[in-house]
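1. When you get a sec, could you give me coordinates for this:
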Amino acid sequence: MLGYWHNRYMASILRGDGNQDVRRPLLNLPVAFLLLFLGSLCLTAFVLVVIQPNSLTNTAIVALILESNGLIFLYNWLPVVLVLFALFFLTARLSLSCGLAGLIFILPAVVNRFMIEMRHAPLRPLDLLLGMEFMGIARSINIIIYVAVALALLLYVTLLVLAVKFITNGKPRVHTRITGFFTTIIAAFVLFVFVYGDTARYEALPMSGSPFNAVHQYQSKGFIYSFVHALHHSSIEQPPYFDQFITQIQAQDSLPTTIENSANTPHIVMILSEAFSDMPLSPVINFDGFPHPMQNFLEIQQETATITGSIIVPNIGGGTADTEFDILTGINSRRFRGVPYAFTMVTRPFAGFTATLNYLGYRAVAMHPGAAWFYNRQNVYLYLGFEQFLAESAFDGANNMRGGYISEEHTIDRFLEEIRFHIDTFPTTPLFFKGITIQNHGPYDNKYGDIPLNFNLNPDFHETTNLSANDQSLLAQYFHGMLDVDAGLRRLVDYFSAEQQPIILVYYGDHLPSFPLAIYESLILPDAASEGDELIRHNRTPFLIWANAAAQPMLNDIYLDNVQNISAFYLGAILLEMLGISEPFADFANTLKLDYPVILERAFLDNNANVQVFNPAYNPQIGLFNSWGYFRISGR
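-> Below you'll find the predicted structure:
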């Protein structure tokens, strides 16, 4: 009898199935292959229809699948089935292969859902590299979410272990496994290169919503297909028309920076206010009986020395570094969606707004009450031309926290101290000071504790406003924080008004607060008269440029009228033009904005806010601008 079992054991080894368990498998090999195939279909449908946010209601994914003759489902299914079979050939275990494939596809799909719902931007491949940046905001995420995720993963792993132990299957021979594994890998590579990288194929599929909206693209064409397609384009891509502009760019980029009057070098204070928006000005709400969150901003806006308007920022509810990049470099970061955030493209000394001021003798200092490594600012700011970067260690955070972040009051205190230090220490050297305030950073769920409702819904909008009790609570928290922000702006203006030296203040918001989509839709009403409003209304933030009495004579009057709806990357160029500073790239940008005030990824808004698709043959100025930006990024 012992010899019989020994012979069976040796036979199993010689067959190559590696199965030392003499029990009959629960599932034979053909059934295992069939279940793999069926499992791939179910997993694809689960990700495509169930996990994908608002798919059945907003983008009608099922109808789109039918309209595409099944191609949308096919392109989402192929990666799933290939991964499943590759794992099976690798492990020879059905349960383990299905479990691992579930993690590979379900986890990022869930992350994509949360990003769309909270940031209104889909998960892109290089977002997975933002581990350190996530840790920087991890403390602001409700602990309940961490517990729920941990419990769900524990349950999943437990069920997977039990399935692997008790659901056995027939195993293919070793040579079959090797052949099958490498066949799936080769098939995946061919599909990735020739199918999933094909932009024309991707764009030809039917969709619901705007083709210029990445969220609509993901929801219409499926997370898996969209993610793999984006993976193929996750790089700093040279514009296809770059070569036709390179000679012109090289000639113009080498032109010198000049200034009309060398004495016109006021101190420049540029403040980025986290999540600062004009949502309090929505016609849907009012503040009768409550302090207005933008009272000081509105008063300063009316001063004759103030120029105000709206910038169209790259992202919704997040992405501060992209707005910084746009304003400090004058380059359109939307053109480079293949990188996780725009600052990753700054890897050496970089021409831009700060470098231009350096050339004119400015001392540049940056302050941010957060971690220096966040968005790699500790290196990026130096490359951009800042002499000094003061981060969280320069603030007394231990005694000045409010809403989970260093308070606006303390942040403004430290800004004014550093500005005062420069004026007293370097009396003949102009200062470019860039500061970021972060007190009113989200999330806003109970951010400031028990805050009562501090605004009213206008009666005319009661029936059409879709604000839940929780939505109204989030708004109350945000508006409560805006009172501190608004007070900080007033302190800056009052301090600079009393200063004898010329000072210009540039103040702007980086993006809208991170809210559920229902809040945006309820408060930010569409402009029916503007065709392009739908593409920009969730990306619009206010800005102002203000000058004290000593600085006012230094500004030309080219921008006497307020500036409405310009891309954020124009803001630095506008300020240079107001000061009579000529820098070739900024000069070209100021010319460009006359015809193309808002430039998006593949489209632009003209002076009548009409949407047009960019074509380098018909819009060579945008082609030159995009190519010039790539030229500066690549160092060509």
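
2. you'd agree residue 268 is in a strand?
-> Yes - checked against DSSP: H, G, I helix; E, B strand; the rest coil, residue 268 lies within a strand.

3. Please parse the chain into its domains.
-> Taking automatic domain parsing as the domain assignment, the record places the domains of the chain at 2-232, 265-634.

4. centre of the chain versus the shortest one, how much separation?
-> The one in question is domain 2-232. For domain 2-232, the separation from the chain centroid amounts to 25 Å (computed by CA atoms, centre = their mean, to the nearest Å).

5. re the thing from before, out of the domains of the chain, which gets nearest to residue 242?
-> Each of the domains of the chain was checked against residue 242 via CB to CB, and the shortest separation belongs to domain 265-634, namely 4.7 Å. Heads up, the C-betas are built off the backbone N, CA and C, glycines and all.

6. chain center to that closest one, what's the gap?
-> For domain 265-634, the separation from the chain centroid amounts to 15 Å (computed by CA atoms, centre = their mean).

7. what's the distance between the closest residue to residue 60 other than its chain neighbours and residue 285?
-> Take residue 60 and drop its neighbours on the chain: the residue closest to it by CB to CB, 6 or more residues apart in numbering is residue 208, 5.9 Å away. Using CB to CB, to the nearest Å, one obtains 30 Å as the distance from residue 208 to residue 285.

8. Just give me the neighbour total for residue 530.
-> 17 (other CB atoms under 10 Å).

9. tell me which element the residue nearest to residue 60 falls in.
-> Using DSSP states H and E, residue 208 sits in no helix or strand.

10. between residue 208 and residue 285, which one's more packed in?
-> Set side by side, residue 208 and residue 285 show more neighbours around residue 285, with 21 against 15, by other CB under 10 Å.

11. Verify the contact between that one and residue 453 for me.
-> No - between residue 285 and residue 453 no contact is recorded; they are 10.5 Å apart, counting by CB atoms under 8 Å.

12. remind me which residues of the stretch 201-350 of the chain are low pLDDT?
-> Across the stretch 201-350 of the chain, the stretches falling below the confidence threshold (pLDDT under 70) are 212.

13. which residue ranges form the strands in it?
-> Secondary structure of the stretch 201-350 of the chain (DSSP state E, counting those that start in this stretch): strands located at 258-259, 267-273, 285-286, 306-312.

14. Equivalent analysis for the stretch 401-550 of the chain, please.
-> Remark: strands of the stretch 401-550 of the chain, listed N- to C-terminal, are 401-402, 405-406, 431-437, 456-457, 503-509, 540-547; assignment by DSSP E, counting those that start in this stretch.

15. Need the ones you listed in TSV (columns: distance to residue 578 and mean neighbour count).
-> Putting the strands of the stretch 401-550 of the chain into TSV (distance: least, CB to CB, whole Å; neighbours: other CB atoms under 10 Å) gives the following:
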stretch	distance to residue 578	mean neighbour count
strand 401-402	35	15
strand 405-406	32	23
strand 431-437	14	24
strand 456-457	39	14
strand 503-509	8	23
strand 540-547	7	21
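
16. so can I have JSON lines of those showing mean pLDDT and distance to residue 363?
-> Converted to JSON lines, these look like this (pLDDT from 0 to 100; distance: least, CB to CB, whole Å):
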{"stretch": "strand 401-402", "mean pLDDT": "96", "distance to residue 363": "30"}
{"stretch": "strand 405-406", "mean pLDDT": "96", "distance to residue 363": "24"}
{"stretch": "strand 431-437", "mean pLDDT": "98", "distance to residue 363": "6"}
{"stretch": "strand 456-457", "mean pLDDT": "94", "distance to residue 363": "47"}
{"stretch": "strand 503-509", "mean pLDDT": "97", "distance to residue 363": "14"}
{"stretch": "strand 540-547", "mean pLDDT": "96", "distance to residue 363": "20"}
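
17. Mind putting the ones you listed into a markdown table with distance to residue 30?
-> Output for the strands of the stretch 401-550 of the chain, formatted as a markdown table (distance: least, CB to CB, whole Å):
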| stretch | distance to residue 30 |
| --- | --- |
| strand 401-402 | 63 |
| strand 405-406 | 59 |
| strand 431-437 | 62 |
| strand 456-457 | 63 |
| strand 503-509 | 61 |
| strand 540-547 | 59 |
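
18. can you tell which of those strands is closest to residue 356?
-> Evaluated over the strands of the stretch 401-550 of the chain, closeness to residue 356 peaks at strand 431-437, with 9.7 Å, by CB to CB.

19. which other helices and strands contact that closest one?
-> For strand 431-437, the packing partners by 3 or more CB pairs under 8 Å, 6 or more residues apart in numbering; DSSP states H and E come out as strand 267-273, helix 353-359, strand 363-367, helix 408-425.

20. again, 6 Å this time
-> strand 267-273, strand 363-367, helix 408-425 (3 or more CB pairs under 6 Å, 6 or more residues apart in numbering; DSSP states H and E).

21. Run me through the strand neighbours of it, direction for each.
-> Each strand pairing with strand 431-437, determined using DSSP bridges, is listed with its direction: strand 267-273 (parallel), strand 363-367 (parallel).

22. For residue 228, find the nearest of the ones you listed.
-> Taking CB to CB as the criterion, strand 267-273 is the member of these that comes nearest to residue 228, at 34.7 Å.

23. by how many degrees do that closest one and strand 540-547 diverge?
-> Angle, strand 267-273 to strand 540-547, by axes from the mean of the first three to the mean of the last three CA atoms, to 10 degrees: 160 degrees.

24. could you give the angle of strand 267-273 to strand 503-509?
-> Taking the same axes, to 10 degrees, one finds strand 267-273 and strand 503-509 inclined to each other by 20 degrees.

25. Touching, the residue nearest to residue 60 and residue 218? I think so.
-> No - if you go by CB atoms under 6 Å, residue 208 and residue 218 don't touch, sitting 11.6 Å apart.

26. Which pLDDT value goes with residue 630?
-> Residue 630 is assigned 94 on the pLDDT scale.

27. remind me, longest helix of this protein?
-> Longest helix in the chain by number of residues (criterion: DSSP state H): helix 469-497.

28. Can you tell me which helices and strands that helix packs against?
-> Applying 3+ CB pairs under 6 Å, 6+ apart, one finds that helix 469-497 contacts helix 295-301, helix 408-425.

29. returning to what we had before: including distance to residue 355, could the strands of the stretch 201-350 of the chain go into a markdown table?
-> Formatted as a markdown table, the strands of the stretch 201-350 of the chain follow (distance: least, CB to CB, whole Å):
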| stretch | distance to residue 355 |
| --- | --- |
| strand 258-259 | 14 |
| strand 267-273 | 14 |
| strand 285-286 | 43 |
| strand 306-312 | 21 |
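
30. Show me the one of those strands that comes nearest residue 433.
-> Closest approach to residue 433 among these (CB to CB): strand 267-273, 4.8 Å.

31. who touches the closest one?
-> 430-437, 485, 503-507, 509-510 (CB atoms under 6 Å, 6 or more residues apart in numbering).

32. Also stretch 462-473?
-> When contacts are defined by CB under 6 Å, 6+ apart, stretch 462-473 is touched by residues 284, 518, 519, 522.

33. Extract the CA atoms of that stretch and return them as PDB.
-> This file holds the C-alpha atoms of stretch 462-473, laid out as PDB (Å, rounded to 0.1, in the frame of the first residue of the first chain):
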ATOM      1  CA  HIS A 462     -35.900  76.600  -2.400                       C
ATOM      2  CA  GLU A 463     -37.500  74.200  -4.800                       C
ATOM      3  CA  THR A 464     -34.600  73.800  -7.200                       C
ATOM      4  CA  THR A 465     -31.700  73.700  -4.700                       C
ATOM      5  CA  ASN A 466     -30.600  70.100  -3.900                       C
ATOM      6  CA  LEU A 467     -28.700  70.700  -0.700                       C
ATOM      7  CA  SER A 468     -29.000  68.100   2.000                       C
ATOM      8  CA  ALA A 469     -28.700  68.800   5.700                       C
ATOM      9  CA  ASN A 470     -25.100  67.500   5.500                       C
ATOM     10  CA  ASP A 471     -24.300  69.700   2.500                       C
ATOM     11  CA  GLN A 472     -25.500  72.700   4.400                       C
ATOM     12  CA  SER A 473     -23.400  71.800   7.400                       C
END
